[in-house]
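[1] 3D model of this:
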Amino acid sequence: MHAKDILIDTFSRIQEEVHAAVDGLPPDGLNTPPADGANSISWLIWHLTRIQDDHLADAAELEQVWLSQGWADRFALGLPHRDTGYGHTSKQVAQVRVDSGDLLLGYYDAVHAQTLAFVRGLGAKDLERVVDERWDPPVTLGVRLVSVLSDDLQHVGQAAYVRGLG
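    Predicted coordinates:
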């Protein structure tokens with residue numbers, strides 16, 4: 001199995017978990033945090049998708065799906081268009097609300113499609129390319145992809161937990 005096949009499989013498993021966390025939930029189930037100051041399922045799924053979109057678009061030198069496919073306008077969150085949720089206050093978390101899980105899943109699936117299209121085209125040497133020199137050591141594409149997967153897994157696991165509380 002090639003490294004890109006492992007990445008494709010892992011991103012695909014995350015897609016399954018995102019759908020399992022969101023499918024069939026009414027707006028209250030998506031938007032209500034389990035406690036004051038906690039993150040709702042809507043925010044968790046939106047945030048993991050925004051991070052994946054932002055980081056993959058940067059590494060692939062593509063436009064973010066959030067912007068290029070009009071998702072920022074469809075969500076109409078009142079946040080800056082390039083906001084990913086990193087460092088959000090409780091007030092900002094509460095701004096991420098949806099009327100339907102279809103919006104979250106549509107955006108996630110669009111990002112997932114762009115991610116897989118990019119990863120399918122990678123060769124082993126591509127994973128060694130430096131994509132961020134702001135760190136010591138500089139971040140390679142392989143490290144960035146694993147970082148995104150780690151973030152995705154943490155947040156989708158949290159969303160599954162919040163769903164299980166309901």
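
[2] Next, the buried residues of the helix or strand encompassing residue 159.
    In the assignment (DSSP states H and E), residue 159 maps to helix 141-165. The neighbour-count check on helix 141-165 (16 or more other Cβ atoms under 10 Å) flags 141-145, 148-149, 151-152, 155-156, 158-160, 162-163 as buried. In this view, the C-beta of every residue, glycine as well, is placed from N, C-alpha and C.

[3] How many residues are close by residue 82?
    Neighbour count for residue 82, taken as other Cβ atoms under 10 Å: 11.

[4] That one and residue 123: what is the separation?
    Separation of residue 82 from residue 123 (Cβ to Cβ, to the nearest Å): 30 Å.

[5] What of residue 95?
    Relative to residue 123, and taking Cβ to Cβ, residue 95 is found at 41 Å.

[6] Who has more neighbours out of those two?
    Set residue 95 next to residue 123 and count neighbours by other Cβ under 10 Å: residue 95 wins out with 16 against 10.

[7] Find the nearest non-adjacent residue to the more buried one, please.
    Spatially, and ignoring its direct neighbours in sequence, residue 95 is nearest to residue 77 (5.3 Å; Cβ to Cβ, 6 or more residues apart in numbering).

[8] Please identify which helix or strand holds the one you found.
    Of the helices and strands defined by DSSP H and E, none includes residue 77.

[9] Between the buried residues of helix 141-165, which sits nearest residue 7?
    Nearest to residue 7 among the buried residues of helix 141-165 is residue 145, at 5.8 Å by Cβ to Cβ.

[10] wait, isn't that closest one in contact with residue 10?
    No: the pair residue 145 / residue 10 is not scored as a contact, 9.0 Å apart, by Cβ atoms under 8 Å.

[11] Strands of this structure, start to end?
    Under the criterion DSSP state E, strands of the chain are mapped to 130-132, 139-140.

[12] Neighbouring strands - and their directions - for the last one?
    Partner strands and pairing direction for strand 139-140 (DSSP bridges) are strand 130-132 (antiparallel).
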